[in-house]
Structures are given as C-alpha cells and as structure tokens.
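S.K.: Prediction below, plus the sequence it came from.
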Amino acid sequence: MIYHITPFSETKQYGKALNEHIKCFPDDSWICVRDQDTMFLTSTSVLLLDKAIEDNPDCQLFTCATNRSYGSLMSTNADILVSCSKAQELEKQPPRYSVLQGVVPAFLWLFPKSLWKKYPFDDLPIISGQKSFDVRWTRNMNVKKLRIENLYIFHLYRLYKERSDYSHLQK
C-alpha cells in the first residue's frame, strides 16, 4: 500500500515532521511524500505510482515530471489547463522511466519504508548550512533512483521567481 503525506512544520524541521508520520506506517508500505504546493492533474495519476513500483522492483526512490521541470514548460506558465493537457497526453503513452543520479527534488518522492529506515530524515531546518533538505537526504544515497516520465504534476514552487530563490524556506 502507498501512503500519501504532505507534512508541514512551522519550525522548518520538515524531516522531523516526516519521521513522525512515517514511523506509524507498516514496515512493508510505500510512502509518497509531496510538497503542499503540488497537485495531481488527472484522476488516474496515482495509478502510475503503482505501475512504477511494479515495473521497477529494484528501484528505491521515484520522482516525476512537473511543470517546473518539463521541457518548454520550464517557464512561468501558470495556466493549469496547459499542464492538465500535458498530464493527460503523457498518461496515454507507454510507461517510461529515466535514471537519476545525485539529488532528487523533494516535490514528490515515492519510496519504501525500508529506505527510510536505512536513511531516516534529519531534524535540521529545511535550509541548513546552505544545503537544502532534498540535497541532504538524496545526494549520497546508493540506491536506484528513477523519474516516472509519464507522471506529470503541477507545482507552484517559485512559479514567478528565479530558481535560486529560497526565501520562502527561510521565513
């Protein structure tokens, strides 16, 4: 079973909030962590998560495509209808996965609880020592990481700001 969570922490200790949730899940579960400013764009998007796990039993960490990282949409295009159309188009295609190295962005992570047991989240603030939460957790993991190319979600993150703007994380 996949548990979907979107925790929040007023103290910016996001890892601590995640740990509190995940420790309650059964050991054989999968966890889908999404940022609160993301959304699935079709009624069947979540089925692609199950398909990814089924197709890639050796993978430990998945993410997906988003309007903030997909091709020509890596702009400030806030038209959600454009993104909905793109999500529907991609879901009609055969499943595709691309291998990722290094950091996996934290807007969507899908992983088994066993990975969390091996790599629990730290209790540091989201930004600590100029390293963000996703960098600290995923950069040095020695596991297979894949992006589900057919799963496309909408992400508001820094929509009208520069990619290097992290001011919202430091408030």
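M.R.: Structure received.
S.K.: Can you tell me which helices and strands the longest strand anywhere in the chain packs against?
M.R.: Secondary structure of the chain read by DSSP state E shows that its longest strand is strand 145-155. When contacts are defined as 3 or more CB pairs under 8 Å, 6 or more residues apart in numbering; DSSP states H and E, strand 145-155 packs onto strand 38-40, helix 45-55, strand 61-66, helix 80-91, strand 97-99. Using the backbone N, CA and C atoms, a C-beta is placed for each residue, glycine as well.
S.K.: okay, the angle between the third one and helix 45-55?
M.R.: If you take axes from the mean of the first three to the mean of the last three CA atoms, to 10 degrees, strand 61-66 sits at 140 degrees to helix 45-55.
S.K.: Make residue 1 into 2 and carry on from there
M.R.: Sounds good: first residue 2 from here, last item strand 62-67.
S.K.: so what's Phe41 up against?
M.R.: 47, 88, 154 (CB atoms under 8 Å, 6 or more residues apart in numbering).
S.K.: er, Arg140 actually
M.R.: Contacts of Arg140 by CB under 8 Å, 6+ apart are 103-104.
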